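Visitor: can you look at this prediction? I've put the sequence above it.
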Amino acid sequence: MSKEMKAVGLYQHLPITNEESLVDVTVPKPQASGQDLLVKIKAVSVNPVDTKVRANGDEEEEAKILGYDAAGIVEAVGEQVTSFQVGDEVYYAGSIARPGSNSEFQLVDERIAAKKPHTLSFKEAAALPLTSLTAWEALFERLNIPFNPSENQGKSILIINASGGVGSIAGQLAQLAGLTVIGTASREETITWAKDHGAAYTINHHRPLASQLEKAGFPQVDYIFCLSSTDQHWGAMVEAIKPQGKICSIVETDTNLNLTALQHKSATFVWEFMFTRPLFQTEDMQEQQNILHQLAKLIDDEKIKSTVTTTFTGLNAQNLRKAHEIVEEGKMIGKMVVETEE
Ligand SMILES: NC(=O)c1ccc[n+]([C@@H]2O[C@H](COP(=O)([O-])OP(=O)(O)OC[C@H]3O[C@@H](n4cnc5c(N)ncnc54)[C@H](OP(=O)(O)O)[C@@H]3O)[C@@H](O)[C@H]2O)c1
(Lines give C-alpha, C1' and ligand atoms only; values in the text may rest on other atoms or scores of the structure.)
Protein backbone atom coordinates (compact mmCIF):
# COMPACT_ATOMS: atom_id res chain seq x y z
CA MET A 1 0.00 0.00 0.00
CA SER A 2 1.30 3.46 -0.90
CA LYS A 3 2.84 5.46 1.91
CA GLU A 4 2.10 8.69 0.09
CA MET A 5 -1.07 10.51 -0.96
CA LYS A 6 -2.10 13.36 -3.19
CA ALA A 7 -3.30 16.61 -1.67
CA VAL A 8 -3.80 20.27 -2.51
CA GLY A 9 -1.73 22.62 -0.40
CA LEU A 10 0.05 25.93 -0.23
CA TYR A 11 3.54 27.13 0.69
CA GLN A 12 2.84 30.84 0.35
CA HIS A 13 -0.29 32.78 1.27
CA LEU A 14 -1.15 34.40 -2.06
CA PRO A 15 -4.08 35.96 -3.93
CA ILE A 16 -6.15 33.28 -5.65
CA THR A 17 -5.29 34.64 -9.12
CA ASN A 18 -1.71 33.45 -8.52
CA GLU A 19 -1.27 29.84 -9.74
CA GLU A 20 0.96 29.12 -6.72
CA SER A 21 -1.84 30.03 -4.28
CA LEU A 22 -3.01 26.39 -4.22
CA VAL A 23 -0.84 23.62 -5.69
CA ASP A 24 -1.04 19.87 -6.20
CA VAL A 25 1.35 18.10 -3.81
CA THR A 26 2.31 14.60 -2.71
CA VAL A 27 2.67 14.17 1.05
CA PRO A 28 3.05 11.22 3.48
CA LYS A 29 -0.21 9.34 4.05
CA PRO A 30 -1.18 9.79 7.72
CA GLN A 31 -1.76 6.84 10.06
CA ALA A 32 -4.64 6.52 12.53
CA SER A 33 -3.84 6.24 16.25
CA GLY A 34 -5.62 7.08 19.51
CA GLN A 35 -9.12 8.46 18.88
CA ASP A 36 -8.44 9.28 15.24
CA LEU A 37 -10.20 7.93 12.17
CA LEU A 38 -8.33 7.79 8.87
CA VAL A 39 -10.91 8.82 6.28
CA LYS A 40 -10.74 8.31 2.52
CA ILE A 41 -12.13 11.60 1.24
CA LYS A 42 -15.02 11.46 -1.24
CA ALA A 43 -16.10 15.12 -1.22
CA VAL A 44 -15.20 18.40 0.47
CA SER A 45 -16.84 21.79 0.55
CA VAL A 46 -15.24 25.21 0.36
CA ASN A 47 -16.07 27.82 3.00
CA PRO A 48 -15.00 31.45 3.48
CA VAL A 49 -12.59 30.20 6.19
CA ASP A 50 -10.56 28.40 3.49
CA THR A 51 -10.08 31.67 1.63
CA LYS A 52 -9.23 33.59 4.82
CA VAL A 53 -6.59 31.02 5.92
CA ARG A 54 -5.20 30.86 2.37
CA ALA A 55 -4.84 34.63 2.06
CA ASN A 56 -3.14 35.33 5.40
CA GLY A 57 0.07 34.06 6.96
CA ASP A 58 3.81 33.57 6.64
CA GLU A 59 5.59 31.20 4.29
CA GLU A 60 5.00 27.53 5.16
CA GLU A 61 7.89 25.03 5.39
CA GLU A 62 5.62 22.09 4.63
CA ALA A 63 2.57 22.15 2.38
CA LYS A 64 -0.36 23.56 4.37
CA ILE A 65 -3.50 21.65 3.51
CA LEU A 66 -6.83 23.50 3.78
CA GLY A 67 -10.39 22.10 3.77
CA TYR A 68 -12.81 22.19 6.70
CA ASP A 69 -15.73 20.04 5.53
CA ALA A 70 -15.62 16.45 4.36
CA ALA A 71 -17.56 13.30 3.64
CA GLY A 72 -15.79 10.00 3.14
CA ILE A 73 -15.26 6.40 4.17
CA VAL A 74 -13.38 5.23 7.27
CA GLU A 75 -10.22 3.45 6.04
CA ALA A 76 -8.61 2.75 9.44
CA VAL A 77 -9.25 3.50 13.12
CA GLY A 78 -6.97 4.33 16.06
CA GLU A 79 -6.76 1.86 18.98
CA GLN A 80 -9.03 3.99 21.22
CA VAL A 81 -11.85 4.51 18.70
CA THR A 82 -15.20 3.23 19.98
CA SER A 83 -17.93 4.75 17.74
CA PHE A 84 -16.78 3.81 14.23
CA GLN A 85 -15.55 0.89 12.15
CA VAL A 86 -13.66 0.55 8.88
CA GLY A 87 -16.13 1.11 6.03
CA ASP A 88 -18.41 3.58 7.87
CA GLU A 89 -19.51 6.56 5.78
CA VAL A 90 -18.84 9.71 7.80
CA TYR A 91 -19.07 13.50 7.60
CA TYR A 92 -17.36 16.18 9.69
CA ALA A 93 -15.81 19.67 9.67
CA GLY A 94 -12.62 18.75 11.51
CA SER A 95 -10.15 21.00 13.27
CA ILE A 96 -8.58 24.22 12.05
CA ALA A 97 -5.41 23.21 13.93
CA ARG A 98 -4.84 20.04 11.84
CA PRO A 99 -4.25 19.28 8.13
CA GLY A 100 -7.51 19.79 6.23
CA SER A 101 -9.67 17.67 3.96
CA ASN A 102 -8.24 18.70 0.58
CA SER A 103 -6.37 15.41 0.32
CA GLU A 104 -6.88 11.73 -0.49
CA PHE A 105 -6.95 10.79 3.20
CA GLN A 106 -7.45 12.80 6.39
CA LEU A 107 -7.25 12.14 10.13
CA VAL A 108 -10.17 13.30 12.25
CA ASP A 109 -10.91 12.81 15.96
CA GLU A 110 -13.94 10.51 16.26
CA ARG A 111 -15.51 12.89 18.81
CA ILE A 112 -16.17 15.49 16.10
CA ALA A 113 -17.30 13.13 13.31
CA ALA A 114 -20.59 11.31 12.72
CA LYS A 115 -22.10 8.82 10.29
CA LYS A 116 -23.36 10.72 7.28
CA PRO A 117 -27.10 10.92 6.52
CA HIS A 118 -28.10 7.70 4.70
CA THR A 119 -30.25 9.54 2.19
CA LEU A 120 -27.50 11.89 1.00
CA SER A 121 -24.70 11.35 -1.48
CA PHE A 122 -21.16 12.16 -0.34
CA LYS A 123 -21.29 15.51 -2.11
CA GLU A 124 -24.59 16.49 -0.49
CA ALA A 125 -23.25 15.45 2.92
CA ALA A 126 -19.93 17.32 2.50
CA ALA A 127 -21.84 20.59 2.12
CA LEU A 128 -23.23 20.39 5.64
CA PRO A 129 -20.93 19.95 8.65
CA LEU A 130 -19.20 23.33 9.10
CA THR A 131 -22.25 25.47 8.40
CA SER A 132 -24.60 23.21 10.38
CA LEU A 133 -22.35 23.00 13.43
CA THR A 134 -22.02 26.79 13.34
CA ALA A 135 -25.76 27.36 13.02
CA TRP A 136 -26.67 24.73 15.62
CA GLU A 137 -24.14 25.90 18.22
CA ALA A 138 -25.16 29.53 17.67
CA LEU A 139 -28.93 29.02 17.84
CA PHE A 140 -29.28 26.32 20.47
CA GLU A 141 -26.20 26.87 22.63
CA ARG A 142 -24.91 30.47 22.38
CA LEU A 143 -28.37 32.08 21.94
CA ASN A 144 -29.85 29.30 24.05
CA ILE A 145 -33.01 29.03 21.94
CA PRO A 146 -35.08 25.99 22.97
CA PHE A 147 -35.36 23.49 20.10
CA ASN A 148 -39.07 23.23 20.79
CA PRO A 149 -41.72 25.11 18.77
CA SER A 150 -44.16 25.36 21.69
CA GLU A 151 -41.58 27.39 23.65
CA ASN A 152 -40.88 29.77 20.75
CA GLN A 153 -44.40 30.85 19.86
CA GLY A 154 -44.45 34.52 18.86
CA LYS A 155 -40.61 34.71 18.90
CA SER A 156 -38.66 36.13 15.97
CA ILE A 157 -35.09 36.00 14.69
CA LEU A 158 -33.30 38.26 12.22
CA ILE A 159 -30.72 36.33 10.20
CA ILE A 160 -28.31 38.70 8.48
CA ASN A 161 -27.11 36.90 5.31
CA ALA A 162 -29.83 34.29 5.01
CA SER A 163 -28.83 32.77 1.66
CA GLY A 164 -25.12 32.01 2.13
CA GLY A 165 -23.81 28.72 3.46
CA VAL A 166 -24.57 29.24 7.15
CA GLY A 167 -27.81 31.16 6.57
CA SER A 168 -29.27 28.39 4.41
CA ILE A 169 -29.05 25.97 7.34
CA ALA A 170 -29.70 28.49 10.12
CA GLY A 171 -32.97 29.55 8.48
CA GLN A 172 -34.17 25.95 8.26
CA LEU A 173 -33.20 25.15 11.87
CA ALA A 174 -34.74 28.34 13.27
CA GLN A 175 -37.97 27.70 11.39
CA LEU A 176 -38.03 24.10 12.61
CA ALA A 177 -37.59 25.39 16.18
CA GLY A 178 -40.74 27.49 15.71
CA LEU A 179 -39.25 30.96 15.29
CA THR A 180 -40.44 33.46 12.70
CA VAL A 181 -37.38 34.07 10.52
CA ILE A 182 -36.69 37.43 8.92
CA GLY A 183 -33.73 36.87 6.60
CA THR A 184 -31.63 39.40 4.72
CA ALA A 185 -30.92 38.95 1.01
CA SER A 186 -30.31 41.51 -1.72
CA ARG A 187 -30.87 39.77 -5.07
CA GLU A 188 -33.85 38.04 -6.63
CA GLU A 189 -32.07 34.65 -6.54
CA THR A 190 -30.97 35.02 -2.92
CA ILE A 191 -34.42 36.24 -1.82
CA THR A 192 -36.04 33.17 -3.40
CA TRP A 193 -33.39 30.87 -1.86
CA ALA A 194 -33.75 32.41 1.62
CA LYS A 195 -37.54 31.98 1.50
CA ASP A 196 -37.08 28.38 0.45
CA HIS A 197 -34.71 27.84 3.40
CA GLY A 198 -36.71 29.06 6.36
CA ALA A 199 -37.25 32.81 5.93
CA ALA A 200 -40.87 33.95 6.29
CA TYR A 201 -39.85 37.49 5.31
CA THR A 202 -36.79 38.98 3.63
CA ILE A 203 -35.27 42.45 3.80
CA ASN A 204 -32.28 43.89 1.93
CA HIS A 205 -28.96 44.12 3.85
CA HIS A 206 -27.69 46.88 1.56
CA ARG A 207 -30.46 49.23 2.74
CA PRO A 208 -31.22 50.50 6.26
CA LEU A 209 -32.71 47.58 8.19
CA ALA A 210 -34.88 49.47 10.71
CA SER A 211 -37.49 50.83 8.27
CA GLN A 212 -37.71 47.49 6.45
CA LEU A 213 -38.18 45.59 9.72
CA GLU A 214 -40.92 48.05 10.72
CA LYS A 215 -42.63 47.53 7.36
CA ALA A 216 -42.43 43.72 7.73
CA GLY A 217 -44.19 44.05 11.10
CA PHE A 218 -41.13 43.28 13.27
CA PRO A 219 -39.68 46.62 14.43
CA GLN A 220 -37.69 44.64 17.03
CA VAL A 221 -36.76 40.97 17.21
CA ASP A 222 -35.99 38.51 20.02
CA TYR A 223 -32.79 37.18 18.45
CA ILE A 224 -30.28 38.29 15.82
CA PHE A 225 -27.82 35.97 14.12
CA CYS A 226 -25.20 37.95 12.19
CA LEU A 227 -23.48 36.09 9.33
CA SER A 228 -21.84 39.02 7.59
CA SER A 229 -19.81 42.10 8.53
CA THR A 230 -20.44 42.60 12.27
CA ASP A 231 -18.99 46.11 12.03
CA GLN A 232 -21.32 47.15 9.21
CA HIS A 233 -24.47 45.79 10.85
CA TRP A 234 -23.68 46.64 14.51
CA GLY A 235 -25.72 49.87 14.72
CA ALA A 236 -28.75 48.27 13.08
CA MET A 237 -28.51 45.24 15.37
CA VAL A 238 -28.38 47.40 18.50
CA GLU A 239 -31.52 49.19 17.28
CA ALA A 240 -33.40 46.07 16.20
CA ILE A 241 -32.82 43.85 19.24
CA LYS A 242 -35.67 43.72 21.78
CA PRO A 243 -34.95 44.60 25.39
CA GLN A 244 -33.42 41.46 26.96
CA GLY A 245 -32.86 40.01 23.49
CA LYS A 246 -29.76 38.16 22.29
CA ILE A 247 -27.36 38.75 19.41
CA CYS A 248 -24.83 36.21 18.12
CA SER A 249 -22.22 36.92 15.46
CA ILE A 250 -19.79 34.60 13.71
CA VAL A 251 -17.85 37.26 11.78
CA GLU A 252 -14.69 38.73 13.26
CA THR A 253 -14.57 42.54 13.54
CA ASP A 254 -12.01 45.09 12.35
CA THR A 255 -12.89 47.51 15.15
CA ASN A 256 -13.87 47.17 18.82
CA LEU A 257 -17.61 46.72 19.30
CA ASN A 258 -19.41 49.26 21.48
CA LEU A 259 -21.03 46.81 23.89
CA THR A 260 -22.19 49.69 26.07
CA ALA A 261 -24.80 50.39 23.41
CA LEU A 262 -26.60 47.23 24.59
CA GLN A 263 -26.61 48.09 28.29
CA HIS A 264 -29.97 49.85 28.59
CA LYS A 265 -31.65 46.97 26.82
CA SER A 266 -29.85 44.39 29.00
CA ALA A 267 -29.22 42.67 25.70
CA THR A 268 -26.68 39.87 25.30
CA PHE A 269 -23.94 39.66 22.69
CA VAL A 270 -22.19 36.34 22.17
CA TRP A 271 -19.66 34.95 19.70
CA GLU A 272 -19.85 31.61 17.96
CA PHE A 273 -16.66 30.04 16.57
CA MET A 274 -17.24 26.56 15.22
CA PHE A 275 -13.64 25.50 15.82
CA THR A 276 -13.62 26.33 19.56
CA ARG A 277 -14.30 22.74 20.64
CA PRO A 278 -11.67 20.98 18.49
CA LEU A 279 -9.15 23.84 18.88
CA PHE A 280 -9.21 23.82 22.68
CA GLN A 281 -10.08 20.09 22.97
CA THR A 282 -12.88 21.09 25.33
CA GLU A 283 -14.35 18.51 27.67
CA ASP A 284 -17.61 18.59 25.70
CA MET A 285 -15.93 18.14 22.31
CA GLN A 286 -18.12 15.07 21.69
CA GLU A 287 -21.10 17.47 21.39
CA GLN A 288 -20.09 18.03 17.76
CA GLN A 289 -20.59 14.33 17.06
CA ASN A 290 -23.99 14.54 18.79
CA ILE A 291 -25.00 17.58 16.72
CA LEU A 292 -23.97 15.94 13.45
CA HIS A 293 -25.80 12.78 14.48
CA GLN A 294 -29.02 14.71 15.23
CA LEU A 295 -28.64 16.65 11.99
CA ALA A 296 -28.30 13.39 10.01
CA LYS A 297 -31.59 12.22 11.52
CA LEU A 298 -33.33 15.51 10.61
CA ILE A 299 -32.01 15.15 7.05
CA ASP A 300 -33.05 11.50 6.74
CA ASP A 301 -36.50 12.42 8.13
CA GLU A 302 -36.69 15.13 5.42
CA LYS A 303 -36.99 17.95 7.95
CA ILE A 304 -33.78 19.67 6.78
CA LYS A 305 -32.40 19.65 3.24
CA SER A 306 -28.82 19.79 2.02
CA THR A 307 -27.71 23.15 0.70
CA VAL A 308 -25.33 22.20 -2.11
CA THR A 309 -25.79 24.33 -5.23
CA THR A 310 -22.46 24.06 -7.08
CA THR A 311 -20.21 21.03 -7.68
CA PHE A 312 -16.75 20.56 -9.17
CA THR A 313 -15.53 17.05 -9.97
CA GLY A 314 -11.84 16.36 -9.33
CA LEU A 315 -10.16 17.27 -6.03
CA ASN A 316 -7.22 19.16 -7.50
CA ALA A 317 -5.60 22.59 -7.28
CA GLN A 318 -7.22 23.88 -10.45
CA ASN A 319 -10.77 23.16 -9.23
CA LEU A 320 -10.06 24.40 -5.73
CA ARG A 321 -8.63 27.67 -7.10
CA LYS A 322 -11.86 28.14 -9.08
CA ALA A 323 -13.93 27.33 -5.99
CA HIS A 324 -11.97 29.80 -3.81
CA GLU A 325 -12.40 32.49 -6.45
CA ILE A 326 -16.18 32.07 -6.43
CA VAL A 327 -16.45 32.02 -2.62
CA GLU A 328 -14.29 35.16 -2.41
CA GLU A 329 -16.75 37.05 -4.61
CA GLY A 330 -19.14 36.95 -1.62
CA LYS A 331 -22.18 35.96 -3.66
CA MET A 332 -22.48 32.28 -2.85
CA ILE A 333 -25.95 30.83 -2.60
CA GLY A 334 -25.93 27.70 -0.44
CA LYS A 335 -22.73 25.66 -0.67
CA MET A 336 -20.03 24.68 -3.15
CA VAL A 337 -18.62 21.17 -3.15
CA VAL A 338 -15.61 19.53 -4.79
CA GLU A 339 -15.97 15.75 -5.17
CA THR A 340 -13.33 13.16 -6.03
CA GLU A 341 -13.39 11.58 -9.47
CA GLU A 342 -14.13 7.92 -8.66
N1 LIG B 1 -17.35 31.81 13.45
C2 LIG B 1 -17.59 30.70 12.76
O3 LIG B 1 -17.53 29.60 13.30
C4 LIG B 1 -17.96 30.80 11.31
C5 LIG B 1 -18.48 29.67 10.68
C6 LIG B 1 -18.89 29.78 9.35
C7 LIG B 1 -18.74 30.99 8.69
N8 LIG B 1 -18.18 32.05 9.33
C9 LIG B 1 -18.08 33.35 8.65
O10 LIG B 1 -19.42 33.79 8.43
C11 LIG B 1 -19.52 34.50 7.20
C12 LIG B 1 -20.63 33.87 6.36
O13 LIG B 1 -20.26 32.58 5.95
P14 LIG B 1 -21.09 31.86 4.79
O15 LIG B 1 -20.40 30.59 4.47
O16 LIG B 1 -22.52 31.81 5.15
O17 LIG B 1 -20.85 32.94 3.63
P18 LIG B 1 -21.23 32.94 2.11
O19 LIG B 1 -21.93 31.68 1.76
O20 LIG B 1 -20.01 33.29 1.32
O21 LIG B 1 -22.25 34.19 2.02
C22 LIG B 1 -22.61 34.68 0.76
C23 LIG B 1 -23.80 35.61 0.90
O24 LIG B 1 -23.39 36.81 1.58
C25 LIG B 1 -24.40 37.76 1.34
N26 LIG B 1 -23.88 39.09 1.60
C27 LIG B 1 -23.01 39.79 0.83
N28 LIG B 1 -22.80 41.01 1.37
C29 LIG B 1 -23.55 41.08 2.50
C30 LIG B 1 -23.76 42.08 3.47
N31 LIG B 1 -23.15 43.27 3.41
N32 LIG B 1 -24.61 41.83 4.50
C33 LIG B 1 -25.24 40.63 4.58
N34 LIG B 1 -25.06 39.64 3.68
C35 LIG B 1 -24.23 39.87 2.65
C36 LIG B 1 -24.77 37.52 -0.11
O37 LIG B 1 -26.18 37.76 -0.26
P38 LIG B 1 -26.72 38.70 -1.45
O39 LIG B 1 -26.10 38.16 -2.70
O40 LIG B 1 -28.20 38.54 -1.36
O41 LIG B 1 -26.26 40.09 -1.14
C42 LIG B 1 -24.39 36.06 -0.40
O43 LIG B 1 -25.49 35.24 -0.73
C44 LIG B 1 -18.13 34.46 6.61
O45 LIG B 1 -17.43 35.64 6.97
C46 LIG B 1 -17.47 33.27 7.27
O47 LIG B 1 -16.05 33.34 7.33
C48 LIG B 1 -17.79 31.99 10.62
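Guide: That came through, no problem. If you're wondering where the values come from, they're calculated on a predicted model, not measured in any experiment. Numbers count the residues shown, from 1 in each chain.
Visitor: pull the contacting residues for the closest residue to F275 other than its chain neighbours.
Guide: Nearest residue to F275, sequence neighbours excluded (C-beta to C-beta, 6 or more residues apart in numbering): I96, at 4.3 Å. For every residue, glycine as well, the C-beta is placed using N, CA and C. Shown in contact with I96 (C-beta atoms under 8 Å, 6 or more residues apart in numbering): V49, V53, Y68, F275, P278, L279.
Visitor: next, the last one: phi, psi?
Guide: The phi/psi pair for L279 (degrees, to the nearest 10) reads phi -60, psi -40.
Visitor: and the closest residue in space to it that isn't next to it in sequence, what does it touch?
Guide: Leaving aside its chain neighbours, L279 sits nearest to A97 (5.5 Å; criterion: C-beta to C-beta, 6+ apart). By C-beta under 8 Å, 6+ apart, the contact list for A97 reads F275, P278, L279.
Visitor: ok, and the most crowded of the residues you listed?
Guide: Among the contacts of A97, P278 has the most neighbours (other C-beta atoms under 10 Å), with 22 neighbours.
Visitor: surely that residue is within a helix?
Guide: Yes: checked against DSSP: H, G, I helix; E, B strand; the rest coil, P278 lies within a helix.
Visitor: next, find the distance separating the residue nearest to F275 from the ligand.
Guide: Distance of I96 to the ligand, computed by C-beta to the nearest ligand atom, to the nearest Å: 9 Å.
Visitor: near the ligand, which residues of the stretch 151-300 of the chain are found?
Guide: For the stretch 151-300 of the chain, the residues in contact with the ligand (C-beta under 6 Å from any ligand atom) are 160-161, 163-167, 184-187, 190, 205, 227-229, 232, 250-251, 272-274.
Visitor: any chance of the contacts of A97 in JSON lines, with distance to K116 and pLDDT too?
Guide: Putting those into JSON lines (distance: C-beta to C-beta, whole Å; pLDDT from 0 to 100) gives the following:
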{"residue": "F275", "distance to K116": "20", "pLDDT": "98"}
{"residue": "P278", "distance to K116": "18", "pLDDT": "97"}
{"residue": "L279", "distance to K116": "23", "pLDDT": "97"}
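Visitor: closest to T119 out of those?
Guide: The shortest approach to T119 among the contacts of A97 belongs to P278, at 26.7 Å (C-beta to C-beta).
Visitor: contacting residues for that closest one?
Guide: Per C-beta under 8 Å, 6+ apart, neighbours of P278: G94, S95, I96, A97, R98, D109, I112, M285, Q288.
Visitor: fine by me, thanks again.
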